[in-house]
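# Could you look at this predicted model? Sequence included:
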Amino acid sequence: MTLRVVADLGLCQGHQMCTGEAPDVFDFDDDTDQVVVLVEHPDESLRPQVVAAVQYCPAMALAMEEE
């Protein structure tokens, strides 16, 4: 199974917690004030960081899916 990262831009409030938890996976677009998913299918080694980013997102705008 492959890990897939999903961001709901309608929910994103620009807190940027995700960029602190998983900077290799998430970035932030200052123009739109929203998260940017840099790597939709991150390496398994990044799973702990992605889990933390999803867990600590105040807007609950991030999700992980197994494909």
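Happy to help now that I have it. Owing to the predicted nature of the structure, the values given are computational and were not obtained by experimental measurement.

# count of neighbours near Asp24?
Number of residues near Asp24 (other C-beta atoms under 10 Å) recorded here: 14. All C-beta spots, glycine's among them, are computed from the backbone N, C-alpha and C.

# One more: the one 5 residues further on?
Burial measure for Asp29: 12 neighbouring residues, criterion other C-beta under 10 Å.

# for it, what are its contacts?
For Asp29, the contacting residues are Val35, Val36, by C-beta atoms under 8 Å, 6 or more residues apart in numbering.

# Look at it and report its pLDDT.
Here the pLDDT value assigned to Asp29 is 96.

# How about Met64?
Among the per-residue scores, Met64 holds a pLDDT of 97.

# helix/strand/coil for it?
Secondary structure, DSSP: H, G, I helix; E, B strand; the rest coil: Met64 is strand.

# That one contacts Val5, doesn't it?
Yes - contact criterion C-beta atoms under 8 Å: Met64 and Val5 qualify, at 6.2 Å.

# Now for those two: what residues contact both?
Contact criterion C-beta under 8 Å, 6+ apart; residues shared by Met64 and Val5: Val50.

# got the contact list for stretch 9-18?
Contacts for stretch 9-18 (C-beta under 8 Å, 6+ apart): 25-26, 28, 32-35, 53-54, 56-62.

# Okay, helices next: where are they in the chain?
Assigned by DSSP state H, the helices in the chain fall at 17-21, 47-56.

# Which of the contacts of stretch 9-18 has the largest number of neighbours?
Result: Val35 is most packed of the contacts of stretch 9-18 (other C-beta under 10 Å), 29 neighbours.

# mind checking how far that one is from Met1?
Going from Val35 to Met1 by C-beta to C-beta, to the nearest Å gives 24 Å.
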